[in-house]
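Colleague: Output the structure for:
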Amino acid sequence: MERGGVPALRWLLLALALPARGGTSDPPPGLSCFRRCSSGPFTCSWPPQGPAGSTTYVLVFCYVSPQLCQQHDAGTTTVHTLKQRKVYVRTNVTAWVEAHWEQHLERSPNITLHLDEAVKLDPPSHGTPFTKANGRLQLWLPRPQCHHEERPPPHREARFRRVGDHSWMQVMCETGKGEDGEDDPVTCELGGTAAFEVQLRHRTQHWSSHWSDWSTSIFVPEEILESPALSFRLGHLGRNGQRLLQLGWQRARTAQGDVTYTLRAHMPECSCAEEDEVVLGPEETEYNLTICGAAYEIVLTATNAAGTSPARQLQVPAEQHTELSFQNISSVGTMVTARWEAPTRGFTFCSERQRIPGDPRPGRCVQEEFLARSSHWQAGPLEAPACYRLAVHGRGAEQDWATFALQHHFVGNTSLAASVRINASADAAVLLWEPSPRAACPGALLGYRVCHAAEGDNVTYGDVDASASQYALRDLKPGTAYRVGIQEVAAGGRGTCSARWHFQTTALGVGTAVWSSNLKYLGISLGLPAAALIYQLSKKRLHGMLFPPLPKPTGSEALRFSASEMSQNKPWKSFLEPSEQLSPEELLVMELSPEKEAATSTQPLTPQLSPKEPMEPLQPHCKMELPFAYRRQEVLDPEPVGSGGVPTCGPTAAEDGAGSWGPSQVLPPLVQLKPITPQDQEGVGLLQEKAVP
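Modeller: Numbering: from 1, shown residues only. The predicted structure is shown next:
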């Protein structure tokens, strides 16, 4: 039931509260009014107030133009539907709800609407295509059915959470405008590469519009950041001109969802060969390809709902060794002509001339039909000297690409003359050489032919493998002159040999003598340095053992005397005087025999020489045997004659005969020796070695 005629004062108060336009993007919790698309009734709803079943509600609309208010009785329900013809839709309206129970009146907050734009869109449709890269989700959403094309695209919003989480994160999405009725591109920043559960909603850009309900969940799998690891096994080229390539890769993780694998294979050197592509399911982890003998480039990518992984490339090398040779290859200077035969009927072939080593060059494609067992010629200049890989691949009506002919060919002349060396002995000789550039060309060198002969004898031939670099000539005659030669045997040619190098074997016994002299020379050259080294190492040790270090009394304080001892009042005693202090009671007196006492008593006390005894000059130095250590000290020289109290060093002739002092001899004056106090360690050693007379 509708009510009209609201008092003017009340309307005026309400009108002052109405804004001309505007509002929040989301209506506040409480009253909301909207309609689906551009036609149909309006639906208003609000939360319940008061006791259930006894509370009645009145919905009030107050318009700006015309200036009037409407009251709509909703009864006890919290949802009320208004037909479009009963409301003003092209003007702003302020609405609220009044709840009545018993004597109570509760009023909801006001909302402002423009009913013509108060539209709530349907949620985005299910099955929206999307991609995801670096945490950015890209979607393509169609325009809502009730959204006019001339209007700007609606606002989009997304909420997402990681798989297994419960809380949502909400972000605004950037929406572009699709051209010519195409879907609008929508970009949402999720901020991660993991798997997410995503829901979307949208609304028009008018302020009176309402957000749609959230869409059903979109499960965005984890991004494939790395391409699958690719392994392969390559078979040999068969007689049919094809080989088997076995490919394998690792399976994607569960979080990456359903993954499909795409394989692409093509021949870079043959532009007429189309690229082959195959798409494999999530359970496939291997695949076999049949390819020809050319070089191939294999590309593997993994794709899931989030996007495509980076490409993994595999370079399959070209076949190098095969039995599919050309019928004939001839060279005139740098011009090479090759003849080959087509095994089957076909319509396209590709010829290659690749220099080895070198960068790949594009082949020559010919789009023409050819018959089985038909012969074809190809000619062209090639740089020399160089090794080339010549190949012809073709595609037939009943067979995919296959190799018809493949062979290596060396262009130019080579020689071994500069590298040949000969080492000869008495009965053998070793021929050494450096391989030529032809040996590095696969299949271009079949081997070597060696020939040798003694002067005046027939020539002997021998064949050597292409991988060899030396050859031994055996059973030769000692002391004989020989001629030897070596020649390369190229593919497609006949080897000839000319013995042009001369050598002579050694005579018997010469080798032993040479070896003996060499060993002697080697022993001398090694023995002398070894002896010198041993001498230098043991020199210091032997010197220390044979000649120990001696004391140095000249630098010692043992021979230093006090000033009182060196004064003239007290004469300096001889070095050989005894160090004991003798008392007068212990003087040693030599008694003479009675018969000679009278004679001796009349003689003076001073010693007198007998007239019968010849006068012998005193030797300047004493020959008395002294200790070894003292003999090396210059300070121990005996005192000169007349110093007093020093006997002669050597015995006289009379003493040798008598064995005692003669009558003419008198007692030597008593000598008192003062002991010497050592002042350092060298002085101690000196006292220990001194002999007391």
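
Colleague: Low-confidence ranges, the stretch 151-300 of the chain, go.
Modeller: For the stretch 151-300 of the chain, applying pLDDT under 70 flags the ranges 181.

Colleague: what about the helices in it?
Modeller: Counting by DSSP state H, counting those that start in this stretch, one finds no helices in the stretch 151-300 of the chain.

Colleague: For His452, see how far away the residue nearest to Ala453 when sequence neighbours are not counted is.
Modeller: In this structure, Ala453 finds its nearest non-sequential neighbour in Val459, 4.3 Å apart by C-beta to C-beta, 6 or more residues apart in numbering. In this view, the C-beta of every residue, glycine as well, is placed from N, C-alpha and C. Noted for Val459: a distance of 7 Å to His452, by C-beta to C-beta, to the nearest Å.

Colleague: Same question for Arg361.
Modeller: Arg361 is 44 Å from His452, where distance means C-beta to C-beta.

Colleague: who has more neighbours, the two?
Modeller: Legend: neighbour count by other C-beta atoms under 10 Å for Arg361 and His452, higher for His452 (24 against 11).

Colleague: Leaving out the residues flanking it, which one is nearest to the more buried one?
Modeller: The spatially closest residue to His452, leaving aside those adjacent along the chain, is Val484, at 4.1 Å (C-beta to C-beta, 6+ apart).

Colleague: same deal with Thr348?
Modeller: Spatial nearest neighbour of Thr348, chain neighbours left out: Arg395 (4.8 Å); criterion: C-beta to C-beta, 6+ apart.

Colleague: Quick test: name the residue nearest the centre of the chain.
Modeller: For the chain, the residue nearest the mean C-alpha position is Ala229 (20.7 Å; C-alpha atoms, centre = their mean).

Colleague: my guess is that one contacts Ala252, does it?
Modeller: No: using C-beta atoms under 8 Å as the test, Ala229 is too far from Ala252 to be in contact (11.5 Å).

Colleague: Got the domain ranges for the chain?
Modeller: As given by automatic domain parsing, the domain ranges for the chain are 2-114, 130-220, 417-508, 509-549, 558-600+615-640+663-693.

Colleague: My understanding was that Ser209 contacts Asp116; is that so?
Modeller: No: applying C-beta under 8 Å, one finds Ser209 not in contact with Asp116, separated by 10.8 Å.

Colleague: higher neighbour count, these two?
Modeller: The neighbour comparison of Ser209 against Asp116 (other C-beta under 10 Å) goes to Ser209, with 21 against 15.

Colleague: so where do the helices sit in this protein?
Modeller: 8-17, 510-546, 597-601, 628-631, 653-658, 681-689 (DSSP state H).

Colleague: mind showing which ranges of this protein have poor pLDDT?
Modeller: Along the chain, the parts satisfying pLDDT under 70 run over 1-29, 38, 147-149, 181, 492-495, 509-517, 540-541, 543-544, 546-693.

Colleague: now Val299, nearest residue through space, not along the chain?
Modeller: Arg264 (4.4 Å).

Colleague: now that neighbour, which residues is it bridged with?
Modeller: Under DSSP bridges, the beta-bridge partners of Arg264 are Glu277, Val299.

Colleague: pretty sure it is in contact with Glu274, am I right?
Modeller: No: counting by C-beta under 8 Å, Glu274 is not a contact partner of Arg264; they are 10.8 Å apart.

Colleague: Counting neighbours, go ahead and name the busier of these two.
Modeller: Per other C-beta under 10 Å, whichever of Arg264 and Glu274 has more neighbours is Arg264, with 15 against 12.

Colleague: if I pick the more buried one, what's in contact with it?
Modeller: Residues in contact with Arg264 (C-beta atoms under 8 Å, 6 or more residues apart in numbering) are 275-277, 298-300.

Colleague: From His321, how far out is His236?
Modeller: Counting by C-beta to C-beta, the gap from His236 to His321 is 8 Å.

Colleague: let me fix that: His100
Modeller: His100 sits 101 Å away from His321, going by C-beta to C-beta.

Colleague: what's the answer for Leu300, then?
Modeller: 28 Å.

Colleague: Could you do Met169 as well?
Modeller: In terms of C-beta to C-beta, Met169 sits 61 Å off from His321.

Colleague: The two - which one has more neighbours?
Modeller: Set Met169 next to His321 and count neighbours by other C-beta under 10 Å: Met169 wins out with 13 against 10.

Colleague: List the beta-bridge partners for the more buried one.
Modeller: Beta-bridge partners, per DSSP bridges, of Met169: Phe160.

Colleague: Can you verify my assumption that it contacts Ala158?
Modeller: No: the pair Met169 / Ala158 is not scored as a contact, 9.1 Å apart, by C-beta under 8 Å.

Colleague: which residues touch the residue lying closest to Asp183 once chain neighbours are set aside?
Modeller: Nearest non-adjacent residue to Asp183, counting by C-beta to C-beta, 6+ apart: Trp140, 4.0 Å away. Applying C-beta under 8 Å, 6+ apart, we find Trp140 in contact with 128-130, 178, 182-186.

Colleague: ok, Trp140 to Gln103 distance?
Modeller: As judged by C-beta to C-beta, Trp140 and Gln103 stand 58 Å apart.

Colleague: go on, Leu473?
Modeller: Distance from Leu473 to Gln103, counting by C-beta to C-beta: 135 Å.

Colleague: between these two, which one's more packed in?
Modeller: Shown here are Leu473 and Gln103; by other C-beta under 10 Å, Leu473 has more neighbours (20 against 5).

Colleague: Quick check: bridge partners of that one?
Modeller: Beta-bridge partners of Leu473, counted by DSSP bridges, are Ala429.

Colleague: isn't it right up against Val484?
Modeller: Yes: counting by C-beta under 8 Å, Leu473 touches Val484, with 6.9 Å between them.

Colleague: got any residues that touch both of these two?
Modeller: 429, 431, 450, 452.

Colleague: how about these, which pair is most distant?
Modeller: Maximum pairwise distance among the shared contacts of Leu473 and Val484 (C-beta to C-beta): 10.8 Å, between Ala429 and Val450.

Colleague: Touching both of these two, which residues are there?
Modeller: By the contact definition C-beta under 8 Å, 6+ apart, Ala429 and Val450 are jointly contacted by 473, 484.

Colleague: Now do the strands in the stretch 1-150 of the chain.
Modeller: Assigned strands in the stretch 1-150 of the chain, in chain order: 2-3, 32-34, 42-45, 56-63, 69-75, 79-82, 92-101, 104-107, 111-114, 130-133, 136-141 (criterion: DSSP state E, counting those that start in this stretch).

Colleague: Using JSON lines, lay out these together with distance to Trp501.
Modeller: Putting those into JSON lines (distance: least, C-beta to C-beta, whole Å) gives the following:
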{"stretch": "strand 2-3", "distance to Trp501": "127"}
{"stretch": "strand 32-34", "distance to Trp501": "108"}
{"stretch": "strand 42-45", "distance to Trp501": "112"}
{"stretch": "strand 56-63", "distance to Trp501": "121"}
{"stretch": "strand 69-75", "distance to Trp501": "122"}
{"stretch": "strand 79-82", "distance to Trp501": "115"}
{"stretch": "strand 92-101", "distance to Trp501": "115"}
{"stretch": "strand 104-107", "distance to Trp501": "123"}
{"stretch": "strand 111-114", "distance to Trp501": "111"}
{"stretch": "strand 130-133", "distance to Trp501": "72"}
{"stretch": "strand 136-141", "distance to Trp501": "77"}
